[in-house]
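Asker: Just need the structure, nothing else, for what follows:
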Amino acid sequence: MIESIENNFLTVKIDTLGAELISVKNKETGREYIWDKHSDAWNKSSPILFPNIGALKNGKFSYNGKEYTGEKHGFAKNKEFKVLKKTESEISFNLTWNNDTYVNYPFKFNLTLTYILNENELTMNYVIKNEDNKTIYFALGAHPAFMGKKESLTGEKMGFNAGSNLVLSDVNLETGCFKDSKTPIKCDKDGCVEIAYHTFDNDAYVFENNQVKSVTLFEEDKPFVNVSFDAPIVGIWSPIGRDNPFVCIEPWYGIADKDSFNGEISERNEEQHLDIGEVFDESIKISFYML
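Answerer: Take a look at the predicted model:
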């Protein structure tokens with residue numbers, strides 16, 4: 001089912017399947033900011049990544065000596081969420097553990113995703129509660145895809161609130177996991193990197209260790225969207241060989257495994273945890289420029 005919220009500036013649509021953001025439109029111009037799946041480049045618009053991000057090594061994780069299987073980016077993206085509350089400009093969606101989720105993810109969780117509109121800004125607030133009698137472990141991420149006015153963002157720029165030198169974590173294209181190596185990139189004097197046809201040939205640009213806290217996409221040298229966050233990691237992605245029909249900006253609380261990783265879920269890099277009764281409460285903010 002498709003739900004909508006709006007204000008004087010924007011109309012927002014969310015699918016209850018995955019609580020996935022599928023549309024943000026400028027009410028004055030009719031401009032769409034979110035990837036609308038008008039080609040086969042990608043069949044998603046903004047999936048939620050939970051309880052893992054990216055690939056698990058060999059498609060499995062270990063907890064208390066037992067192995068569990070898991071799919072890339074977790075299962076929440078394919079689950080029907082319940083609407084908890086709704087006003088004209090705010091809506092909350094909920095997903096709670098059940099016997100089916102517990103088979104391959106042995107933790108009792110309660111996840112709420114709330115969308116809040118304020119003028120030209122959309123806040124996505126994530127709240128996870130531990131409903132178990134033990135510590136729970138998880139990763140959580142956003143994956144919104146933004147498209148420009150043209151069919152391609154090649155030749156445009158992405159800007160960072162960081163210094164001129166940044167370091168990327170290298171992805172193994174065969175396994176989907178990370179290598180132990182890093183690759184430096186250099187921004188221009190304005191803190192920007194051009195989006196070239198081959199920018200994402202080695203998969204996502206992934207910045208770890210709190211290097212980046214804000215990403216702006218430009219078209220014709222003017223910003224059209226900014227994503228700001230407090231997550232320690234951000235991935236930026238567009239599909240290989242597709243001429244950048246959209247660019248995803250993905251704040252992550254957690255990350256895919258390294259090829260060299262052999263530990264339990266509690267030892268995963270940047271894995272989040274909640275003790276009994278604890279709550280995870282974080283937000284990302286997306287600003288849409290009214291061009």
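
Asker: how close does the residue nearest to residue 283 when sequence neighbours are not counted sit to residue 179?
Answerer: Excluding the flanking residues, the one nearest residue 283 by Cβ to Cβ, 6 or more residues apart in numbering is residue 125, at 4.4 Å. C-betas here are computed from N, CA, C, even on glycine. Noted for residue 125: a distance of 34 Å to residue 179, by Cβ to Cβ, to the nearest Å.

Asker: hang on, the residue nearest to residue 283 packs against residue 116?
Answerer: Yes. Applying Cβ atoms under 8 Å, one finds residue 125 in contact with residue 116, separated by 6.6 Å.

Asker: name the element the residue nearest to residue 283 belongs to?
Answerer: Taking DSSP states H and E as the criterion, residue 125 maps to strand 121-130.

Asker: List the buried residues for that strand?
Answerer: 121, 122, 124, 125, 126, 127, 128, 129, 130 (16 or more other Cβ atoms under 10 Å).

Asker: Closest one to residue 20 out of these, please.
Answerer: The nearest member of the buried residues of strand 121-130 to residue 20, counting by Cβ to Cβ, is residue 124 at 11.1 Å.

Asker: before we move on, back to that, who are the contact partners of the residue nearest to residue 283?
Answerer: 113, 114, 115, 116, 281, 282, 283 (Cβ atoms under 8 Å, 6 or more residues apart in numbering).

Asker: Buried subset of these as a ChimeraX selection?
Answerer: For the buried members of the contacts of residue 125, the matching ChimeraX selection, counting by 16+ other Cβ under 10 Å, is:
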select :113,114,115,116,282,283
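
Asker: Look up how far residue 283 lies from the residue lying closest to residue 279 once chain neighbours are set aside.
Answerer: Closest residue to residue 279 apart from its sequence neighbours, by Cβ to Cβ, 6+ apart: residue 129 at 5.2 Å. According to Cβ to Cβ, residue 129 and residue 283 sit 16 Å apart.

Asker: And residue 218, by the same measure?
Answerer: From residue 218 to residue 283 the distance is 24 Å (Cβ to Cβ).

Asker: Over to residue 89?
Answerer: 16 Å.

Asker: again, but for residue 65
Answerer: The gap separating residue 65 from residue 283 is 36 Å, by Cβ to Cβ.

Asker: so who does the closest residue to residue 73 other than its chain neighbours touch?
Answerer: In this structure, residue 73 finds its nearest non-sequential neighbour in residue 49, 4.6 Å apart by Cβ to Cβ, 6+ apart. Shown in contact with residue 49 (Cβ under 8 Å, 6+ apart): 73, 74, 76, 77, 139, 140, 141, 142, 143, 250, 252.

Asker: If anything else comes up later, I'll come back, but that's it for now.
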